[in-house]
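K.L.:
pasting the sequence and the predicted model now:
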Amino acid sequence: MAKAQKREWVWLQCTETGDLNYRTNVNVQGGVPKLQLKKYSPRLRKRTVHKIKRK
């Protein structure tokens, strides 16, 4: 059987508006990664950089 991975749910926050637009899970085995993704922001109606926000 496969080992259970240590994953945690995090929010992706828009750097321009501060909105929490997306929720995803990340692997936290070696610490939380400094993830930056270009995702669509509905308020601005364009793609912007989103960073991890932990609740």
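P.N.:
Yes, it's here. Numbering: from 1, shown residues only.
K.L.:
what packs against the host helix or strand of residue 52?
P.N.:
Taking DSSP states H and E as the definition, one finds residue 52 inside strand 46-53. Where contact means 3 or more Cβ pairs under 8 Å, 6 or more residues apart in numbering; DSSP states H and E, strand 46-53 is packed against strand 7-14, strand 20-27, strand 36-41. Where you see a C-beta, it was placed from the backbone N, CA and C, and this is true even at glycine.
K.L.:
what number of residues lie near the residue nearest to residue 55 when sequence neighbours are not counted?
P.N.:
Among residues not flanking residue 55 along the chain, residue 11 sits closest, at 6.5 Å (Cβ to Cβ, 6 or more residues apart in numbering). Neighbour count for residue 11, taken as other Cβ atoms under 10 Å: 16.
K.L.:
beta partners for residue 11?
P.N.:
Counting by DSSP bridges, residue 11 is bridged to residue 23, residue 53.
K.L.:
who touches it in this structure?
P.N.:
20, 22, 23, 52, 53, 54, 55 (Cβ atoms under 8 Å, 6 or more residues apart in numbering).
K.L.:
roughly how far does residue 17 sit from residue 2?
P.N.:
Per Cβ to Cβ, to the nearest Å, residue 17 is found 39 Å from residue 2.
K.L.:
over to residue 22?
P.N.:
Distance of residue 22 to residue 2, computed by Cβ to Cβ: 27 Å.
K.L.:
and for residue 26?
P.N.:
Distance of residue 26 to residue 2, computed by Cβ to Cβ: 18 Å.
K.L.:
who has more neighbours, these two?
P.N.:
For residue 26 versus residue 2, neighbours defined as other Cβ under 10 Å are more numerous around residue 26 (15 against 4).
K.L.:
surely the more buried one is in contact with residue 7?
P.N.:
Yes: in this structure, residue 26 is within contact of residue 7 by Cβ atoms under 8 Å, at 6.6 Å.
K.L.:
which residues sit in contact with the residue nearest the centre of the chain?
P.N.:
For the chain, the residue nearest the mean C-alpha position is residue 12 (3.3 Å; Cα atoms, centre = their mean). Each residue near residue 12 by Cβ under 8 Å, 6+ apart is listed here: 20, 21, 22, 23, 24, 37, 39, 50, 51, 52, 53.
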